[in-house]
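Enquirer: I would like to see how this sequence folds:
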Amino acid sequence: MNDSDFSAAKVIYMLPPEDPMYIEALKSKQKSASKPLEFAIERAVDLDPDFNGEWSFRDGRHIWRVHIISPEAHSIGVLFSSFQLNSKSSLFIYSPGGTHVKGGFTSQNNKKFGSFYVGHTPGEEIIVELQTSDPGRKYGELHIGSISHAFLPVFDEKLKGNTGLGESQDCEIDINCSEGDDWQIIKKSVVHITTINLLCTGALVNNTNYDGKPYVLTAEHCISKESQAGSSLFYFGYENSACGELDGKRDKSISGSYLLATGGPSATGVDRPIPDSLRVVDYTLLKLTESPPTDFDVYFAGWDARNTQHDGTVTIHHPNGDAKKISVDFENTVTPSTVPGDLNDYYVESNYYIRQWDLGTTEGGSSGCPLFNNSKRLIGVLSGGLAMCGDSIGYNAESDRVTYSLSGNEDDYFSKISYSWDYAEAWNDKLKAWLDQAGTGQLSIGGLSGRTLDYISDDAVRFSVYPNPSKGVFSLELPEYSGSDVLLEIFNISGYQVFSEEILSTYPLTVSVPELETGIYTLRLTDRSKVFTGTIIIHQ
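Expert: Prediction:
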């Protein structure tokens with residue numbers, strides 16, 4: 001479609017410039033104790049194809065456009081307050097000239113809550129284009145309710161076309177540096193979160209059913225309302241390919257989530273400041289609107305909800321909207337006696353206190369990031385603190401990197417899972433209501449690789465496994481059995497096949513795998529064209 005098919009006077013919608021003093025005031029707010037990064041402002045608009053923009057017709061398709069300009073924006077995101085496309089329609093968002101294109105979005109992107117958020121496109125101008133092959137020009141429902149105007153260059157164009165890279169402080173450490181060697185599996189659980197105006201971090205978390213429900217745990221001060229959950233974007237695998245590279249890409253994302261549980265003011269119905277009797281805990285549990293697809297290669301982090309001391313901790317996060325980083329504290333966890341600034345909204349004793357990071361730090365945008373113990377289980381999410389990089393003090397020839405003073409790098413606070421587990425009065429606001437729906441009473445479980453879920457087809461039928469747990473010898477009973485030999489495959493929680501063999505025994509089928517180590521395994525049985533699945537716990 002050529003620009004000549006449209007009238008600029010009808011298509012262009014220009015917002016007035018924002019007050020520069022207001023923008024500077026927002027930038028100055030970044031130095032608070034809580035650590036979301038406010039990078040954008042929401043600007044209300046009222047645009048839809050029936051009353052705004054212009055339609056044209058070419059090659060059997062009706063095409064509608066509106067050209068939105070928000071002066072001085074580094075990038076623009078779009079919130080469709082109504083988005084229910086029919087099967088004959090698709091939508092695109094792109095920069096003038098077509099350098100950056102998002103879409104096509106179709107009816108497959110329709111959400112139950114009716115809205116849809118599209119992440120940022122670099123620059124102060126975007127074109128929204130709707131196409132439909134319906135001869136009556138019917139497209140469903142579409143309405144642009146607001147845009148996200150970025151006043152920080154998080155999604156701006158950078159060298160080699162990358163965006164948001166290299167914006168974190170100099171002492172931050174890429175997850176693919178040597179410090180991250182032991183965390184290459186668990187890193188796949190960490191997600192970069194954007195709302196209309198904030199940047200945060202979160203983590204996919206496992207549940208006691210080991211079924212891959214797409215639960216994301218983050219901080220209450222990042223997302224605490226259903227509207228925020230619905231208009232959030234979740235980026236997976238946003239990391240540099242090697243230590244010191246600047247090639248991370250935000251090319252794997254899911255738009256929208258459902259708010260399941262929160263420990264913040266919304267759980268109590270009380271606005272801040274909060275009375276001492278109604279102090280709250282900084283956590284929010286979300287469920288993504290769809291499960292991450294296979295090529296996202298995700299991991300569902302295990303967790304430990306016991307209120308115990310941990311010998312050393314690690315966090316993986318997206319500071320200042322940058323690609324994935326790792327920070328390490330070698331000291332034991334402690335509970336603080338005080339907290340700084342705006343963290344006073346939350347129970348002091350609900351936090352783990354990181355007095356000083358030994359490697360790396362956290363920044364705005366790190367809020368909600370997971371704190372892992374040395375067993376690689378999630379024990380907390382970042383509320384905030386005053387940690388920052390110290391001064392450069394030398395050079396490490398072995399790692400070929402600058403070293404930094406630890407002075408100034410202090411004071412981070414992570415909301416304990418042990419508090420979030422059973423804190424709220426309402427059952428649905430307790431983490432255990434979702435992460436242990438089966439009521440097993442477990443307070444610590446391991447993680448789950450998305451690869452494991454790939455071996456279980458949607459039409460697979462569950463079968464009985466007994467005894468379960470087992471020491472490596474167990475029986476299987478199938479709902480339907482043809483009497484033929486069946487192929488048994490066993491996968492560990494990292495998704496790797498550890499056993500494959502045709503079973504030649506009489507029914508019920510008997511399996512003997514005493515060589516398997518203690519752990520949870522997924523079983524897949526193939527009987528001719530039928531597929532059956534189950535789970536076994538091996539306890540040697």
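Enquirer: Over to the residue nearest the centre of the chain. Which of the three states is it?
Expert: Closest residue to the average C-alpha location of the chain: residue 191 at 3.4 Å, with C-alpha atoms, centre = their mean. Secondary structure assignment for residue 191 (DSSP: H, G, I helix; E, B strand; the rest coil): strand.
Enquirer: which residues does it bridge with?
Expert: residue 202, residue 236 (DSSP bridges).
Enquirer: for it, what are its contacts?
Expert: 201, 202, 203, 204, 216, 234, 235, 236 (C-beta atoms under 8 Å, 6 or more residues apart in numbering). C-beta: built from backbone N, CA, C; applies to glycine.
Enquirer: Nearest to residue 155, out of the residues you listed: which one, please.
Expert: Set against residue 155, the nearest of the contacts of residue 191 by C-beta to C-beta is residue 235 (11.0 Å).
Enquirer: Any figure for the gap between that closest one and residue 320?
Expert: 14 Å (C-beta to C-beta, to the nearest Å).
Enquirer: higher neighbour count, these two?
Expert: residue 320 (24 against 20; other C-beta atoms under 10 Å).
Enquirer: Can I take it that that one is in a strand?
Expert: No: counting by three-state DSSP, residue 320 is not part of a strand but helix.
Enquirer: Touching, it and residue 168? I think so.
Expert: Yes: the pair residue 320 / residue 168 is scored as a contact, 4.5 Å apart, by C-beta atoms under 8 Å.
Enquirer: Quick check: residue 143 vs residue 128, distance?
Expert: On the measure of C-beta to C-beta, residue 143 and residue 128 end up 11 Å apart.
Enquirer: Oh, that last question was meant for residue 375, not what I typed.
Expert: Residue 375 is 48 Å from residue 128, by C-beta to C-beta.
Enquirer: what about the two, which has more around it?
Expert: residue 128 (27 against 12).
Enquirer: Just grab the bridge partners of that one for me.
Expert: residue 66, residue 93.
Enquirer: Run a quick check on it versus residue 144, I expect a contact.
Expert: Yes: between residue 128 and residue 144 a contact is recorded at 6.8 Å, counting by C-beta under 8 Å.
Enquirer: who touches both of these two?
Expert: With C-beta under 8 Å, 6+ apart as the test, residue 128 and residue 144 both reach 47, 66, 68, 78.
Enquirer: what's the last one in contact with, if anything?
Expert: Shown in contact with residue 78 (C-beta under 8 Å, 6+ apart): 68, 93, 117, 118, 126, 128, 144, 147, 148.
Enquirer: Can you pick out the most distant pair from these?
Expert: 68 and 117 (15.0 Å).
Enquirer: Which parts of the stretch 151-300 of the chain are strands?
Expert: Here the stretch 151-300 of the chain has its strands, by DSSP state E, counting those that start in this stretch, at 173-174, 190-194, 198-205, 215-218, 233-236, 253-255, 257-262, 284-288, 299-300.
Enquirer: of those strands, which approaches residue 533 most closely?
Expert: Going by C-beta to C-beta, the one of those nearest residue 533 is strand 299-300, 17.0 Å.
Enquirer: Not counting stretch 471-484 itself, show me its contacts.
Expert: Contacts of stretch 471-484 (C-beta under 8 Å, 6+ apart): 461, 463-468, 486, 488, 507-516, 523, 525, 527-528, 530, 532, 534, 536, 538-540.
Enquirer: Who are the contact partners of the nearest residue to residue 49 once chain neighbours are set aside?
Expert: Counting by C-beta to C-beta, 6 or more residues apart in numbering, residue 49 lies nearest to residue 64, which is 4.5 Å off, once chain neighbours are set aside. By C-beta under 8 Å, 6+ apart, the contact list for residue 64 reads 49, 53, 54, 55, 56, 129, 130, 131, 139.
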